[in-house]
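Asker: give me a model of this one.
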Amino acid sequence: MSDTTSGAPASSTLTIAKAINEGLRRSLETDPKVLLMGEDIGALGGVFRVTDGLQKDFGEDRVVDTPLAESGILGTAIGLALRGYRPVCEIQFDGFIFPAYDQITTQLAKMHYRSRGRLMLPVVVRVPYGGGIGAVEHHSESPEALFAHTAGLRVVSPSTPQDAFTMIQEAIASPDPVLFFEPKGRYWDKGEVDLTRSSGDETLDRARVVREGTDLTLVAYGPTVSTALKVAAAAATEGRSIEVVDLRSISPLDTETVVRSVRRTGRCVVVHEAPTFLGSGAEVAARVTEECFYSLESPVLRVGGFHTPYPVAKIEHDYLPSLDRVLDAVDRAFGF
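Answerer: Have a look, this model is predicted:
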């Protein structure tokens with residue numbers, strides 16, 4: 001698909017994967033300092049084909065096939081950023097990010113602070129994450145809380161094709177390092193995308209209310225937003241009005257939007273695929289409890305993965321937060 005300036009329609013129905021591809025293309029066209037790096041992202045287009053066609057159109061110098069060495073990818077990106085480039089690194093699968101963990105948390109996250117603001121590291125790390133694709137261990141992890149805990153990193157996750165298109169451009173334009181977690185189990189979800197929206201729309205660190213309600217706030221992000229909307233629809237058949245908030249950003253956290261919702265509804269359930277133990281939902285629950293204590297009708301509840309290694313594919317449906325598990329939490333919240 002071409003840019004809207006070349007006569008293409010202003011909007012189109014795209015998958016999340018294709019929307020990211022279009023956002024990357026727009027950034028490559030707009031800024032000659034943007035380049036992509038990763039394993040098999042060139043001729044192959046990545047294992048999920050998110051970068052399909054980009055090397056052909058922009059060349060091997062801007063869409064770079066790297067060795068299988070995540071630490072090397074991030075170390076090279078840090079050096080390029082210091083020289084004025086805006087590298088976008090793809091980590092092939094979520095569980096492969098850990099060889100680069102040291103580079104990300106001790107160098108990428110800290111160099112701006114360490115230099116008293118003199119050095120900028122506008123690096124984006126794209127991470128396909130989460131389950132739901134029937135993959136083996138190391139291919140279905142949700143490690144976002146590990147990076148959100150590290151000061152100096154933005155950690156975001158889109159849930160729709162529109163947000164995927166807009167947020168990837170905002171991430172690349174940001175002066176800060178951004179961990180861009182892509183819900184790979186939702187890569188093929190389709191939605192309408194306004195291709196005229198750009199990186200100036202400031203959705204990167206703001207939550208949004210995707211369904212309004214009055215009785216309970218259901219907070220989600222990335223792959224679980226779709227689940228939350230199904231829960232809200234099911235609960236409506238029982239006369240319960242559930243508001244769904246898509247966080248979009250895990251760090252920084254848009255507490256204001258969540259708190260405003262919970263003060264009206266009086267109840268809150270947080271859902272994510274990562275284990276609930278010390279997960280991002282725990283931070284949301286703590287902030288809601290601090291800010292909304294006198295408004296709450298029940299404790300803040302969390303639904304997520306269990307405190308175990310990711311299971312084999314044939315039982316991952318028991319591990320992930322399903323419609324029934326989230327509805328059970330909703331019932332318990334109303335039971336107090």
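Asker: low-confidence ranges, the stretch 1-150 of the chain, go.
Answerer: Along the stretch 1-150 of the chain, the parts satisfying pLDDT under 70 run over 1-9.
Asker: helices along that one, start to end?
Answerer: Along the stretch 1-150 of the chain, the segments classed as helices by DSSP state H, counting those that start in this stretch run 16-30, 54-58, 70-82, 101-102, 111-114, 144-148.
Asker: out of these, which gets nearest to Leu327?
Answerer: Comparison of these against Leu327 by CB to CB identifies helix 144-148 as nearest, at 24.2 Å. Any C-beta I mention is one placed from the backbone N, CA and C, and that applies to glycine too.
Asker: what's the first helix or strand after the closest one?
Answerer: Downstream of helix 144-148, the first helix or strand assigned by DSSP states H and E is strand 154-156.
Asker: can you put the helices of the stretch 1-150 of the chain in JSON lines and add distance to Gly279 and mean neighbour count?
Answerer: Converted to JSON lines, the helices of the stretch 1-150 of the chain look like this (distance: least, CB to CB, whole Å; neighbours: other CB atoms under 10 Å):
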{"stretch": "helix 16-30", "distance to Gly279": "23", "mean neighbour count": "23"}
{"stretch": "helix 54-58", "distance to Gly279": "34", "mean neighbour count": "16"}
{"stretch": "helix 70-82", "distance to Gly279": "23", "mean neighbour count": "19"}
{"stretch": "helix 101-102", "distance to Gly279": "18", "mean neighbour count": "14"}
{"stretch": "helix 111-114", "distance to Gly279": "25", "mean neighbour count": "14"}
{"stretch": "helix 144-148", "distance to Gly279": "5", "mean neighbour count": "22"}
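Asker: dump those helices into a markdown table; add distance to His272 as well.
Answerer: Converted to a markdown table, the helices of the stretch 1-150 of the chain look like this (distance: least, CB to CB, whole Å):
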| stretch | distance to His272 |
| --- | --- |
| helix 16-30 | 17 |
| helix 54-58 | 30 |
| helix 70-82 | 24 |
| helix 101-102 | 20 |
| helix 111-114 | 28 |
| helix 144-148 | 8 |
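Asker: of those, which is nearest Gln92?
Answerer: When the helices of the stretch 1-150 of the chain are compared by CB to CB, helix 70-82 sits nearest Gln92, at 8.5 Å.
Asker: for that closest one, packing partners?
Answerer: Applying 3 or more CB pairs under 8 Å, 6 or more residues apart in numbering; DSSP states H and E, we find helix 70-82 packed against strand 34-38, strand 86-90.
Asker: surely Arg186 and Ile20 touch.
Answerer: No. Contact criterion CB atoms under 8 Å: Arg186 and Ile20 do not qualify, at 11.3 Å.
Asker: hmm, back to that, Asp163 is nearest to which of the helices of the stretch 1-150 of the chain?
Answerer: Going by CB to CB, the one of the helices of the stretch 1-150 of the chain nearest Asp163 is helix 16-30, 8.3 Å.
Asker: work out the gap between that closest one and the centre of the chain.
Answerer: Here the centre of helix 16-30 is set off from its chain's centre by 16 Å, with CA atoms, centre = their mean, to the nearest Å.
Asker: what angle sits between that helix and strand 34-38?
Answerer: Between helix 16-30 and strand 34-38, the angle formed by their directions is 140 degrees, by axes from the mean of the first three to the mean of the last three CA atoms, to 10 degrees.
Asker: mind giving me a markdown table with the helices and strands packed on helix 70-82 and columns for mean neighbour count and distance to Leu216?
Answerer: Converted to a markdown table, the helices and strands packed on helix 70-82 look like this (neighbours: other CB atoms under 10 Å; distance: least, CB to CB, whole Å):
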| stretch | mean neighbour count | distance to Leu216 |
| --- | --- | --- |
| strand 34-38 | 23 | 40 |
| strand 86-90 | 26 | 37 |
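Asker: now render those as TSV, adding distance to Asp65.
Answerer: Listed next are the helices and strands packed on helix 70-82 as TSV, based on distance: least, CB to CB, whole Å:
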stretch	distance to Asp65
strand 34-38	8
strand 86-90	10
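Asker: with respect to Leu68, which of those strands lies nearest?
Answerer: strand 34-38 (10.3 Å).
Asker: nearest to Ala228, of the helices and strands packed on helix 70-82?
Answerer: For Ala228, the closest of the helices and strands packed on helix 70-82 is strand 86-90, at 27.4 Å, according to CB to CB.
Asker: quick one: secondary structure of Ala274?
Answerer: strand (DSSP: H, G, I helix; E, B strand; the rest coil).
Asker: I'd say it and Leu146 touch.
Answerer: No. Using CB under 8 Å, Ala274 makes no contact with Leu146, being 9.4 Å away.
Asker: what's the end-to-end length of stretch 46-56?
Answerer: Stretch 46-56 has an end-to-end distance of 13 Å (criterion: CA to CA, to the nearest Å).
Asker: now do stretch 23-42
Answerer: Start-to-end, stretch 23-42 (CA to CA) is 16 Å.
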